[in-house]
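Asker: Requesting a structural model of the entry that follows:
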Amino acid sequence: ATDITKLEAALVPDHDVLCAGFPCQAFSIAGGKHGFDDQRGGLIFDMLRIIEAKRPKLLLLENVKNFCSGARGKWSRTLRRRLAGMGYAVSAKVLNAARFSTAQERERVFFVAYRRDVFADVQGFRFPLGDGKWVSVADILEADAPDGHYGADRIELCPTVDKSSPLQRVGMLKDRDGKVRHGQDARVYDPNFHATTLMASQDNCGLYLVNGKARSLTPRERARLQGFPDTFQPHPVKTHANK
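Answerer: Residues are numbered from 1 along each chain as shown. Coordinates of the predicted model:
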């Protein structure tokens, strides 16, 4: 592995397609939203440095939805202008994984850029719409998964008010002394609806009421939410597998 900030662009092999999911923490609502001033957010310029040197024909870039609207649109405009200045036509669209046969509410912006000199006859890129098939958390649960640790006595009922939401919270987890916890990892959801967005930095990403008890999702269930087939083997250590 090589630190991209120290990587000479000339050492990168020639390629036709570049795919990059540059770090999102600097642009996410859940993060500090420091953008390019964040060391992680600044890595986008190393990506652009390599693109300018290697000139791949096609680019597929991905980040959190807030990348488009954050900083009053500055982040997105900067990326578009830099790519346009290199001769790329740029299209962008926010897609939700839930519209592509998964049970996870996961909105991400995708940028597709192509070199105008290579694709002179192409007039814009059309993004897929998805099949819109409804898949719930209940559809991806493991039949032999262990029961949850938290019974009804540990759940403070506070259901989601908006019944049209694809995410339906049942309540919040309570400590043993009855104090209600706060935060995403304490929310208990109804598995007959969609899952909240999985995050590598959180152990639980929410709990789900299964067979009368609240539990977190197993690594296999998380892999299914991410679209991995059951032939995929997660890391044997649960912490690594969840990431």
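
Asker: What distance do you get for the residue lying farthest from the centre of the chain to Arg154?
Answerer: Computed with Cα atoms, centre = their mean, the residue of the chain farthest from its C-alpha average is Asp177, at 34.7 Å. Per Cβ to Cβ, to the nearest Å, Asp177 is found 11 Å from Arg154. C-beta here means a position set from N, CA and C on the backbone, and glycine is covered the same way.

Asker: Could you do Gln104 as well?
Answerer: 25 Å.

Asker: The residue nearest the centre of the chain - nearest residue in space that isn't next to it in sequence?
Answerer: Closest residue to the average C-alpha location of the chain: Arg106 at 5.5 Å, with Cα atoms, centre = their mean. Spatial nearest neighbour of Arg106, excluding adjacent residues (Cβ to Cβ, 6 or more residues apart in numbering): Ala97 at 3.9 Å.

Asker: Just to check, that neighbour is in contact with Phe110?
Answerer: No. Using Cβ atoms under 8 Å, Ala97 is not in contact with Phe110, being 11.3 Å away.

Asker: what's around Val237, how many residues?
Answerer: 10 (other Cβ atoms under 10 Å).

Asker: Pick out the least confidently modelled helix or strand of this structure, by mean pLDDT.
Answerer: When the helices and strands of the chain are scored by mean pLDDT, DSSP states H and E, helix 66-69 comes last with a mean of 81.

Asker: Which residue ranges of this structure form strands?
Answerer: For the chain, the strands defined by DSSP state E cover 17-20, 58-64, 88-96, 107-115, 155-157, 169-173, 187-189, 207-210, 213-215.

Asker: Show me what the last one is in contact with.
Answerer: Where contact means Cβ atoms under 8 Å, 6 or more residues apart in numbering, the residues beyond strand 213-215 that reach it are 145-151, 154-155, 173, 188, 207-208.

Asker: Pick the one among those closest to Thr218.
Answerer: Nearest to Thr218, judged by Cβ to Cβ, of the contacts of strand 213-215 is Ala145 at 5.2 Å.

Asker: List the residues that contact that closest one.
Answerer: Counting by Cβ under 8 Å, 6+ apart, Ala145 has contacts Val210, Arg215, Thr218, Glu221.

Asker: Nearest spatial neighbour of the third one, chain-adjacent residues omitted?
Answerer: It stands for Thr218. Closest to Thr218 by Cβ to Cβ, 6+ apart is Ala145, at 5.2 Å.

Asker: For PyMOL, write the select line for the buried members of the contacts of strand 213-215.
Answerer: The PyMOL selection below is limited to those of the contacts of strand 213-215 classed as buried (16 or more other Cβ atoms under 10 Å):
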select buried, resi 148+150+154+155+173+188+207+208
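
Asker: export the contacts of strand 213-215 to TSV and tack on pLDDT?
Answerer: TSV is the format used below for the contacts of strand 213-215 (pLDDT from 0 to 100):
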residue	pLDDT
Ala145	91
Pro146	87
Asp147	89
Gly148	89
His149	88
Tyr150	94
Gly151	95
Arg154	96
Ile155	96
Leu173	96
Val188	97
Leu207	95
Tyr208	96
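
Asker: and the contacts of strand 213-215 as TSV, adding distance to Leu48?
Answerer: Formatted as TSV, the contacts of strand 213-215 follow (distance: Cβ to Cβ, whole Å):
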residue	distance to Leu48
Ala145	44
Pro146	47
Asp147	49
Gly148	46
His149	47
Tyr150	47
Gly151	52
Arg154	49
Ile155	48
Leu173	43
Val188	43
Leu207	40
Tyr208	40
